[in-house]
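J.: predicted model and sequence follow; I will ask about them next.
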Amino acid sequence: MNWHKVAGNQFLFATTALVATASVAAADVTFSGYGRFGVKMTSTDAVAAKAAVVGKITTDEKTTLDALDSTLTATAATTTAAIIATKTTALKAAQDAVDNANAAGVAPTTAEKNDLAFRAADLAAAQGTAATDAVAKKTSTDITSRMQIDVKASVETDSGITLAALTRFRSSDGAAGVGFNAPTFTMSTGGLTLVVGNNYGQMYNGTMSANNVGLTGLGFKADVFTGFDERSSTGAGPQGADVNYTMGNLSMGVSHSKGTGNTQASIGYSAGALTLGASMQDGKAKADDYATAGVGYAFENGSVNLAYGDNNGTKTTVLGGTYSVAAATSLTAFVRDENTAGVKNVYGIGVSHDLGGATLKAGYVDNAEGSVADFGIVFNF
């Protein structure tokens, strides 16, 4: 064996490695997270029994239906099983016409789309409602817990560009066998930031929250909406991209989700104690359209926030605030109003006490289904 050749190759490899790594900036890897545990109580209101309602298209419903399609006319009369069958057949035919157009790569005509909307609404108005049994009030109490660890690695190039990758481990309420979520990648220079992968989206950049309460958030009813595209703490997330830009007190951004095809945008501005923001999501389906706007004001020992949102006609307003009643204790409260008929207002109140290294939290929310409450401790690391 030629030992001189082996030694020479080892020297060459080591030298090459040193040269290759000499220009690579040292990576900064950080671990952070939190743990929490406590108790959570869920109570559902009693529901009275309801008798069946025979289908009938009222005069007002007829007017609304007729406006959907000028070529079709609704009948204002009590419906029968035979009429329901006829309307169901007509709806299927309208749906088939739209599906066939899409399958052929041709956009459905306005007449076809109007016909489908009419047939669907016509059948829904005529069907009536089935009888429902009474449901007794139910209350349950459970232990709640969570451990979360964030791993972030970042590096800065010689030209001043910061590159980073972030992934998260989260186990809630005793779940075992969970892993890390899909990673989030960022590239920043100056006021410009690009986010790809499990991207954040823009909705929370629009001041759309008015102070959630409790250890667990209790349904996050102080957010005007949930359900839009956003970063997932346990899954793949949108797998899209964010482009964000900040200039002084002004921030703005756009996002797109590969998974859903939805697009988001946001803008925010702060001036001293005042914060303004708006955000929107343009969905592939109307049900995924969101628009929000909010304003926040901070004052000595507290803050107040007002947020408004529209989700395809469902309009929600939330007013909330927080106030420090002592050196280590603060109170938070909110009220939520929705324009949906029969949906009651939602109220929430919470308290937080800093123990120094950990925080005691408790909250109560009176929601549309009943109420939820929790109490426990959270600590960061």
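T.: Arrived safely.

J.: what does the longest strand belonging to the chain contact?
T.: In the chain, with assignment by DSSP state E, the single longest strand is strand 138-156. The list of residues contacting strand 138-156 from outside it, by Cβ atoms under 8 Å, 6 or more residues apart in numbering, reads 24-44, 162-174, 180, 215-216, 233, 374, 376. Glycine gets a C-beta too; all of them are placed from N, C-alpha and C.

J.: so which of those residues belong to strands?
T.: In strands, defined here by DSSP E, the members of the contacts of strand 138-156 are 28-44, 162-172, 374, 376.

J.: before we move on, the earlier item: quick one: buried residues of the longest strand of the chain?
T.: Residues Thr144, Ser145, Arg146, Met147, Gln148, Ile149, Asp150, Val151, Lys152, Ser154, Glu156 are the ones in strand 138-156 that count as buried (16 or more other Cβ atoms under 10 Å).

J.: for the last one, give me the pLDDT.
T.: This points to Glu156. At Glu156, the pLDDT value in this model is 96.

J.: in the stretch 101-250 of the chain, which ranges drop under the pLDDT threshold?
T.: Regions of the stretch 101-250 of the chain meeting the criterion pLDDT under 70 cover residues 128-131.

J.: hmm, 90 instead?
T.: When residues are selected by pLDDT under 90, those of the stretch 101-250 of the chain lie in 101-137, 174-178, 206-211.

J.: within the sheet, what are the partner strands of the longest strand of the chain, with directions?
T.: Strand 138-156 has its sheet partners listed here by DSSP bridges as strand 28-44 (antiparallel), strand 162-172 (antiparallel).

J.: helices of the stretch 201-350 of the chain, start to end?
T.: According to DSSP state H, counting those that start in this stretch, the stretch 201-350 of the chain carries no segments that qualify as helices.

J.: which helix or strand contains Ala90?
T.: Per DSSP states H and E: Ala90 is located in helix 81-103.

J.: same question, Phe379
T.: When elements are assigned from DSSP H and E, Phe379 belongs to strand 370-380.

J.: show me how far stretch 354-371 is from its chain's centre.
T.: Relative to the chain's own centre, stretch 354-371 is displaced by 20 Å; criterion: Cα atoms, centre = their mean, to the nearest Å.

J.: in it, what counts as buried?
T.: Under the neighbour-count criterion of 16+ other Cβ under 10 Å, stretch 354-371 has Thr359, Leu360, Lys361, Ala362, Gly363, Tyr364, Val365, Asp366, Asn367, Ser371 buried.

J.: appreciated, that's everything.
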